[in-house]
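Undergrad: need a structure here:
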Amino acid sequence: MTLTRRNFNQTMLRGLGVAVALPFLESQAWAADPPKKAGKPPVRMAFVSVPNGVNMAHWALPNATTLSPTLTPLKDILADVLIISNCGQDKAKANGDGAGDHARETGTLLTGVQLRKTNGTDIKAGISVDQVAAARIGHLTPLPSLELGIDGAAQAGNCDSGYSCAYTSNISWRTPSTPMLKETSPKAVFRRLFVDVRQGAGAQAAASEIMLRRSVLDLVMNDAKRLSADLGGSDKGKLDEYLDSVRSLEQRVDKFVVGGGEEPTKNKLPAIEVPDGKPEDVDPHIKLMFDLLALGWQADVTRVATFMIGNGGNNRVYSNLGISGGHHELSHHGGNAEKIESIRTIDKYHVEMFTYFVKKLKSIKEPNGTTLLDNCMVLYASGTGDGDRHNHSDLPVLLAGRAGGSIKPGKPIVSKGNMCDLFLAMLARVGATTDSIGDSGKMMELPNG
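TA: Here you go, the predicted model:
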């Protein structure tokens, strides 16, 4: 019998309240509406946002064949990325609402609607593109969507010139008044990926407590051995390789979150509150979150995700880059050469992190010689263009991946529409076609693979 991804009982390793989803095996078929060929993986999508815009003078391409200083980290993956210019979000502009660009840069980025300017309970944004997708294809996976971030934040109160903190803290919105709160703890994300979704809330909480004390793979090892004995040689090798990657990632999460940089201690409660625990340094934090997302895609736990590398107007000090000033403060450089150089360094660092994720996806094999990168779309953008100008008409936008062969990346393109037109094109490629989103006009044309 061919196993299907819709039947989670047959595509997960289980034990004591946890469930480790399997990677694609030759004996399985992906869940789809309508069903697809057994060997054809689904298309995944993710939206990665960075705050405060960029220094556009260092971002913009000098010509069609030369990378700009900020984009030099893309040199090894240039054939896998579209560099998109002239793509904006008109509704992120003031349009009569006055100050508050950083609230609008996040609240509008994936919704394409004018935010209601309020710091009360009457918030109103729109349904974001990721949640449009989750509503249509989320039933095919244990988690309809996954929301990740680096910074926690208040969800109420005034965070930007009369705009609610809910706007600066969220790019994902299930309804116009309901943001999808992001998870910032790698340990909590790891647990969310592997707690058995069939159980009720009480059983899930108990399973989470067990996972604080024992490795998730130890809990499912009996099931893994039973399954391995029934698999062919190719599938057996894929399973072993996958379980090794799960074990390695679990140890890394423990190392940075539980042990504070030291080796994990088995069979002991962590020294800090795990749900709130996260690495002190931004570099391992970002990489862990990207690796967890890649694992979630590899095991088909989810196909839709967002990742905020900073809330709107974030003023993080990137001490790991040798920079002492805050990001938001530096973005208002006013032509100061030293501040411009610091912003260029931060912008380049963010692109390096994006490149890290793209290379990770490219290294994970799927059927028929494809990779995760071949079967996904990862949008990288800021809701502000030039950070010093606070404009929203020409945003820094990168799109990685081939969307199952329907996109041919590798060159810069000048868009003839806005961000919401791009969203229509992305939604169509994951099987979530819709007539409109935000202020879309018509579907953006992308180079076809």
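
Undergrad: okay, CA-based contacts and neighbour counts for the rest of this
TA: OK.

Undergrad: So Pro179 sits against Ser164, correct?
TA: No. Pro179 lies out of contact with Ser164 (Cα atoms under 8 Å); the separation is 11.9 Å.

Undergrad: more crowded one of those two?
TA: Neighbour count, other Cα atoms under 10 Å: between Pro179 and Ser164, Ser164 has more, with 28 against 23.

Undergrad: The residue nearest to the more buried one when sequence neighbours are not counted and Tyr167: what is the separation?
TA: Ranked by Cα to Cα, 6 or more residues apart in numbering and with sequence neighbours excluded, the top spatial neighbour of Ser164 is Asn119, at 3.9 Å. Between Asn119 and Tyr167 the computed distance is 9 Å (Cα to Cα, to the nearest Å).

Undergrad: who's in contact with Thr433?
TA: Leu424, Leu427 (Cα atoms under 8 Å, 6 or more residues apart in numbering).

Undergrad: by contact count, what packs against the lengthiest helix in the chain?
TA: Longest helix of the chain, by residue count under DSSP state H: helix 337-363. Helices and strands touching helix 337-363, by 3 or more Cα pairs under 8 Å, 6 or more residues apart in numbering; DSSP states H and E, are helix 282-298, helix 327-331.

Undergrad: winner for burial among these?
TA: Of the helices and strands packed on helix 337-363, the one with the most neighbours on average (mean count of other Cα atoms under 10 Å) is helix 327-331, at a mean of 23.

Undergrad: Output the below-cut-off pLDDT ranges for the stretch 251-400 of the chain.
TA: 256-277 (pLDDT under 70).

Undergrad: Kindly recompute the last result at 80.
TA: 254-278, 367-368 (pLDDT under 80).

Undergrad: Between Asn119 and Tyr167, which has more neighbouring residues?
TA: Between Asn119 and Tyr167, counting by other Cα under 10 Å, Tyr167 is the more crowded of the two (33 against 20).

Undergrad: check contacts around the nearest residue to that one once chain neighbours are set aside.
TA: Distances taken as Cα to Cα, 6+ apart place Gly107 nearest to Tyr167, at 4.7 Å, with adjacent residues excluded. By Cα under 8 Å, 6+ apart, the residues touching Gly107 are Leu115, Ala125, Tyr167, Thr168, Asn170, Ile171.

Undergrad: Among these, which one lies nearest to Ala135?
TA: Nearest to Ala135 among these is Ile171, at 16.3 Å by Cα to Cα.

Undergrad: Could you look up the SS state of the closest one?
TA: With DSSP: H, G, I helix; E, B strand; the rest coil as the basis, Ile171 sits in coil.

Undergrad: and if you look at the one 10 residues further on?
TA: Assigned with three-state DSSP, Leu181 falls in the coil class.

Undergrad: who's in contact with it?
TA: Glu147, Asn170, Ser172 are the contacts of Leu181 under Cα under 8 Å, 6+ apart.

Undergrad: number of nearby residues for the second one?
TA: Taking other Cα under 10 Å as the neighbour definition, Asn170 ends up with a count of 31.

Undergrad: What separation is there between it and Ala154?
TA: 10 Å.

Undergrad: CA atoms only for stretch 320-328 - export them in PDB, please.
TA: Only the C-alpha atoms of stretch 320-328 are listed here, as PDB (Å, rounded to 0.1, in the frame of the first residue of the first chain):
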ATOM      1  CA  ASN A 320      28.600  40.500  16.700                       C
ATOM      2  CA  LEU A 321      29.500  42.800  13.700                       C
ATOM      3  CA  GLY A 322      31.500  45.200  15.700                       C
ATOM      4  CA  ILE A 323      28.800  47.900  15.600                       C
ATOM      5  CA  SER A 324      27.800  49.900  18.700                       C
ATOM      6  CA  GLY A 325      24.800  51.900  17.500                       C
ATOM      7  CA  GLY A 326      21.200  50.600  17.200                       C
ATOM      8  CA  HIS A 327      19.900  49.500  13.900                       C
ATOM      9  CA  HIS A 328      17.000  51.900  13.700                       C
END
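
Undergrad: ok, the helix or strand following the longest helix of the chain: who's next to it in the sheet?
TA: Once the chain leaves helix 337-363, the next helix or strand it forms, by DSSP states H and E, is strand 376-381. Strand 376-381 sits in its sheet next to strand 44-49 (parallel), strand 397-400 (antiparallel), going by DSSP bridges.

Undergrad: residue ranges for the helices of the stretch 151-300 of the chain, please.
TA: 165-169, 186-194, 201-213, 216-230, 233-253, 282-298 (DSSP state H, counting those that start in this stretch).

Undergrad: Who are the packing partners of the first one?
TA: Using 3+ Cα pairs under 8 Å, 6+ apart as the contact criterion, the elements in contact with helix 165-169 are helix 101-107, strand 158-160.

Undergrad: what do you get for the second one?
TA: Counting contacts by 3+ Cα pairs under 8 Å, 6+ apart, helix 186-194 is packed against strand 18-21, helix 233-253, helix 282-298.

Undergrad: any idea which helix or strand comes after the last one?
TA: Downstream of helix 282-298, the first helix or strand assigned by DSSP H and E is strand 304-308.

Undergrad: Against which helices or strands is that next one packed?
TA: strand 44-49, helix 129-137, strand 146-149.

Undergrad: That one to helix 282-298, inter-axis angle?
TA: 170 degrees (axes from the mean of the first three to the mean of the last three Cα atoms, to 10 degrees).
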